[in-house]
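Asker: No letters, just coordinates:
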């Protein structure tokens, strides 16, 4: 079972301000589900959620060679959009990291995008294209490109 493998990922803006937008690599919870299905088998893993002292914890159990479940757990935090769903998704992905799924993301360096102010808020801004970039897919592609450039520069 290879739960450590690198899988396709995207980039998202983590925060944005006067000095730029900080972008981080991420995977979707469905990507985690696909890895668990492929590597453990769709009937050989399960998930549970439990609230402890107001914090949502997720546990992922994977069957071992004797048919017993081994469990690993972590908690999540609310997201800015759809708080409960975001918290459950975050807890699930963090529990998966305990199994090594998506752990490779932590070796990815943060990418910084330029920003420009609009109506009191700062948004990613492409100086070359002379426009604000709002589309998530376009931001992800831009970050991926910058990540590769930064990686090549670090090799020199």
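Answerer: Yep, that arrived. Everything numeric in this text was worked out from a predicted model, so none of it was measured.

Asker: need the longest helix for this protein.
Answerer: helix 136-155 (DSSP state H).

Asker: can you give me the mean pLDDT across that helix?
Answerer: Across helix 136-155, pLDDT averages out at 81.

Asker: Would you mind splitting the protein into its domains for me?
Answerer: Structurally, the chain divides into domains by automatic domain parsing as follows: 1-27+103-156, 28-101.

Asker: Just the pLDDT at the residue of the chain positioned farthest from its centre, thanks.
Answerer: Most distant residue from the mean C-alpha position of the chain: residue 66, 32.1 Å away (Cα atoms, centre = their mean). pLDDT for residue 66: 96.

Asker: Could you confirm it falls within a helix?
Answerer: No: checked against DSSP: H, G, I helix; E, B strand; the rest coil, residue 66 lies outside a helix; its state is coil.

Asker: and the gap between it and residue 122?
Answerer: To residue 122, residue 66 is 54 Å away according to Cβ to Cβ, to the nearest Å. Just so you know, the C-beta spots here come from the backbone N, C-alpha and C atoms, and that holds for glycine as well.

Asker: circling back: who are the packing partners of the longest helix of the chain?
Answerer: Here helix 136-155 touches strand 10-17, strand 20-26, strand 111-113, strand 121-126, going by 3 or more Cβ pairs under 8 Å, 6 or more residues apart in numbering; DSSP states H and E.

Asker: now with 6 Å?
Answerer: For helix 136-155, the packing partners by 3 or more Cβ pairs under 6 Å, 6 or more residues apart in numbering; DSSP states H and E come out as strand 10-17, strand 111-113.

Asker: Could you export the ones you listed as TSV, including mean pLDDT and mean neighbour count?
Answerer: Compiled in TSV, the helices and strands packed on helix 136-155 are given as follows (pLDDT from 0 to 100; neighbours: other Cβ atoms under 10 Å):
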stretch	mean pLDDT	mean neighbour count
strand 10-17	94	15
strand 111-113	95	19
